[in-house]
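Asker: got a predicted model here, sequence first, then my questions.
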Amino acid sequence: MSDSTKNRASSLMARLTASLPTADAPLEALFDAPCPDPPQAPPPYGGGAPYQTGQIPSSLRGREVWRLVAALSGLEEVPARRLTEFGCLWLDARPAFEPDRLLGSGVFRLNYPAYGPVQFYQADPARVVFEDDQLLVYDKESGRPAQGVPHDAFNNALAALERRAGLTLRLPHRLDAPTSGLMLLAKDRETAGRLGRAFQNGRIVKRYLALGQAPGPAWDEKCSTAFIAKEAARYEARAQGPGLAARTDLTVLARRAEGTLFLAEPRTGRTHQIRLHLAFEGWPIAGDRFYGGEPAARLMLRASGLAFRHPGDGRLVALGGPWAEGEPRLD
């Protein structure tokens, strides 16, 4: 390990531990508790598969959308309307929120929520870490989707923040539902386009904290370049491909008996990239049941740092971190 690498890791760890209650606080304290789901409720249908799909019956074409939901679920009109408004019905691969919309021909998919159409999630104003006329940065909880899922268009960070702001927001990047941390949103289409290009061109720096098992790897700093591919319904990391090229810079920040703390900086934006790269290197993230992580209360992965040039005036915005002296570098 070079002296510069040692100094960098030492500086980052010093800044990180300064935010903990005590110097010997457990590493798990860096990862907040997951957002709780509401109490389980009886499913809003008669059981069976979690979704139904098929062609819209010719007998229902020209009738209201809620009638299709009622026919499929066995529900009366009012609960069928609630499922529709909740975003559970998709027509031709797009959600259909309007119960009185008239049906045509095409393909439907009705996705049943596990706990019914319960509207329980609202954005926490205390988790808004930056906001101006163009941008909003939210510290998303673990366990909440960044945007709507096929069975629920209400209980996600994007929809909750739109309700709070009273306007349409755009999300130029994503966080997995179990990943917590900083999520950047744009308040208008032009700003979203500029941010999207900045992400594509690597002009936005993202930092993640990840907790793996002890004692940690022999290396202190490594660039993981395994290709990311999708095989059936799962993603895989492959040394030589085929797949999409990916790069994650990894640094060991701390080694303790309870686990190893990594700093991960993705240089590309592939699905599950950090999770796959750490698992590929032999150090899966705690709580990552898909990729071999040890059991934990949540996925121990947090988007802790975000740095970018403001799309309006070009000033440097650096949030979270940890950042060492002279960082971040965006040029």
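Answerer: Structure's in. What do you need?

Asker: quick one: pLDDT of residue 328?
Answerer: At residue 328, the predicted lDDT confidence score is 83.

Asker: that one contacts residue 319, doesn't it?
Answerer: No - at 10.1 Å, residue 328 does not count as touching residue 319 under the criterion of Cβ atoms under 8 Å. Bear in mind the C-beta positions are built from the backbone N, C-alpha and C, glycine included.

Asker: now do the shared contacts for these two.
Answerer: Any residue near both residue 328 and residue 319 by Cβ atoms under 8 Å, 6 or more residues apart in numbering counts here, and that gives 305, 307.

Asker: can you count the residues close to the residue nearest to residue 223 when sequence neighbours are not counted?
Answerer: The shortest distance from residue 223 to any non-neighbouring residue, by Cβ to Cβ, 6 or more residues apart in numbering, is to residue 249 (5.4 Å). When neighbours are counted by other Cβ atoms under 10 Å, residue 249 registers 15.

Asker: what bridges to residue 249?
Answerer: Here residue 249 sits in beta bridges with residue 223, residue 265, as judged by DSSP bridges.

Asker: give the contact list for it.
Answerer: Under the contact definition (Cβ under 8 Å, 6+ apart), the residues listed for residue 249 are 221-224, 264-265, 267.

Asker: any weak-confidence spans in the protein?
Answerer: Applying pLDDT under 70 to the chain flags the ranges 1-9, 13, 16-23, 39-49, 331.

Asker: what segments of it are helices?
Answerer: Taking DSSP state H to define them, one finds helices in the chain at 3-17, 65-73, 77-85, 157-165, 189-200, 273-280.

Asker: need the winner for burial among those helices.
Answerer: The highest mean neighbour count among the helices of the chain, using mean count of other Cβ atoms under 10 Å, belongs to helix 273-280: a mean of 25.

Asker: how about that one as CSV, C-alpha atoms only?
Answerer: The C-alpha trace of helix 273-280 is given here as CSV (Å, rounded to 0.1, in the frame of the first residue of the first chain):
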residue,chain,number,x,y,z
GLN,A,273,-22.8,-2.9,-9.8
ILE,A,274,-21.3,-2.4,-6.3
ARG,A,275,-23.0,-5.4,-4.9
LEU,A,276,-21.8,-7.6,-7.7
HIS,A,277,-18.3,-6.3,-7.8
LEU,A,278,-17.8,-6.7,-4.0
ALA,A,279,-19.2,-10.3,-4.2
PHE,A,280,-17.0,-11.0,-7.3
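
Asker: packing partners for that helix?
Answerer: Under the contact definition 3 or more Cβ pairs under 8 Å, 6 or more residues apart in numbering; DSSP states H and E, helix 273-280 sits against strand 205-212, strand 221-224, strand 234-238, strand 248-256, strand 259-266.

Asker: and residue 169, what does it touch?
Answerer: 136, 158, 161-162, 185-187.

Asker: which one in the protein is furthest away from the centre?
Answerer: residue 59 (40.4 Å; Cα atoms, centre = their mean).

Asker: from residue 103, how far out is that residue?
Answerer: With distances defined as Cβ to Cβ, to the nearest Å, the gap from residue 59 to residue 103 amounts to 10 Å.

Asker: go on, residue 12?
Answerer: Applying Cβ to Cβ to residue 12 and residue 103 gives a distance of 56 Å.

Asker: then residue 134?
Answerer: Distance, residue 134 to residue 103, by Cβ to Cβ: 40 Å.

Asker: do the same with residue 140
Answerer: Distance from residue 140 to residue 103, counting by Cβ to Cβ: 36 Å.
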